[in-house]
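S.K.: I'd like to go over a predicted model; first the sequence, then the structure.
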Amino acid sequence: MKSLLIANRGEIAVRIARAGAELGGRTVAVYLKSAMPSTARWSTAITKTGRRPTWPPSSKSTR
């Protein structure tokens, strides 16, 4: 494993980032523009996304 994308938040995301670092892999945390996670300080890279996805998908989406 070379890289690990962390799409979770909170304590589980921090644990994943620490485990990835212990294994010598690159960890990438994903976060929304409005909130940088605590995972950022444990990850080797961070990237922000646009807006939060909605569920269920709106009826306006194409199928």
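M.R.: Structure received. Keep in mind that this is a model prediction, so the values were computed, not measured. Numbering: from 1, shown residues only.
S.K.: could you say which helix or strand contains the residue lying closest to residue 45 once chain neighbours are set aside?
M.R.: Leaving aside its sequence neighbours, residue 45 sits nearest to residue 28 (CB to CB, 6 or more residues apart in numbering; 4.6 Å). Bear in mind the C-beta positions are built from the backbone N, C-alpha and C, glycine included. Here residue 28 sits within strand 26-32, counting by DSSP states H and E.
S.K.: ok so, going back, so how far is residue 20 from the residue nearest to residue 45?
M.R.: Here residue 28 is placed at a distance of 9 Å from residue 20 (CB to CB, to the nearest Å).
S.K.: Next: residue 11.
M.R.: 15 Å.
S.K.: Looking at these two, which is more packed in?
M.R.: When neighbours are counted by other CB atoms under 10 Å, residue 20 comes out ahead of the other of residue 11 and residue 20, with 21 against 10.
S.K.: For this structure, which segments count as strands?
M.R.: Secondary structure of the chain, counting by DSSP state E: strands at 3-6, 26-32, 45-49.
S.K.: quick check: mean pLDDT across the first one?
M.R.: Looking at strand 3-6 alone, the average pLDDT works out to 85.
S.K.: try the second one
M.R.: Strand 26-32 shows a mean pLDDT of 80.
S.K.: buried sites along the strand holding residue 28?
M.R.: Across strand 26-32, burial judged by 16 or more other CB atoms under 10 Å covers 27, 28, 29, 30, 31.
S.K.: what does stretch 1-10 give?
M.R.: Of the residues in stretch 1-10, those buried under the neighbour-count criterion (16+ other CB under 10 Å) are 4, 6, 9.
S.K.: Output the contacting helices and strands for the strand holding residue 28.
M.R.: The helices and strands touching strand 26-32, judged by 3 or more CB pairs under 8 Å, 6 or more residues apart in numbering; DSSP states H and E, are strand 3-6, helix 10-22, strand 45-49.
S.K.: ok, of those, where does mean pLDDT dip lowest?
M.R.: When these are ranked by mean pLDDT, strand 45-49 comes last with a mean of 70.
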